[in-house]
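**Student:** Below is the structure, and that's it, no one-letter string:
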């Protein structure tokens, strides 16, 4: 069993989930994609001031 919480906290290997996602793709929380639809978040992301990894961790922490 894959411990997603542990992977996110350690910051390594979170981009691969044992072959669940095809090579070259990343799994993200659905809420993370919704957050990027907000113009302010999208602008921060395009300016490299916000990362998908950080949004993913924030959204994962909400559902503990």
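**Tutor:** Cool, got the structure. Just so you know, these numbers come straight off a predicted model, no measurement behind them.

**Student:** helices and strands of this structure: which one bottoms out on pLDDT?
**Tutor:** helix 4-10 (a mean of 70; mean pLDDT, DSSP states H and E).

**Student:** next structured bit after that one?
**Tutor:** The element immediately downstream of helix 4-10 (helix or strand, assigned by DSSP states H and E) is helix 30-36.

**Student:** For that following helix, which helices and strands make contact with it?
**Tutor:** Contact partners of helix 30-36 among helices and strands, from 3 or more CB pairs under 8 Å, 6 or more residues apart in numbering; DSSP states H and E: helix 39-46, helix 52-62. Where you see a C-beta, it was placed from the backbone N, CA and C, and this is true even at glycine.

**Student:** Residue 51 against residue 45, yeah?
**Tutor:** Yes: look at residue 51 against residue 45 with CB atoms under 8 Å: they come within range, at 7.4 Å.

**Student:** quick one: which of those two has more around it?
**Tutor:** Neighbour count, other CB atoms under 10 Å: between residue 51 and residue 45, residue 45 has more, with 16 against 11.

**Student:** which residues touch the more buried one?
**Tutor:** Residue 45 makes contact with 36, 51-52, according to CB atoms under 8 Å, 6 or more residues apart in numbering.

**Student:** what about 10 Å?
**Tutor:** 35-36, 51-52, 54-55 (CB atoms under 10 Å, 6 or more residues apart in numbering).

**Student:** Kindly report the same for residue 50.
**Tutor:** With CB under 10 Å, 6+ apart, residue 50 has these contacts: 35-36, 40-44.

**Student:** hmm, 8 Å instead?
**Tutor:** By CB under 8 Å, 6+ apart, residue 50 lies in contact with 41, 44.

**Student:** Look up how far residue 33 lies from it.
**Tutor:** Separation of residue 50 from residue 33 (CB to CB, to the nearest Å): 14 Å.

**Student:** just residue 54 next, same as before
**Tutor:** 14 Å.

**Student:** Look up the pLDDT of the residue nearest the centre of the chain for me, please.
**Tutor:** The residue lying closest to the centre of the chain (CA atoms, centre = their mean) is residue 56, at 3.0 Å. pLDDT, residue 56: 84.
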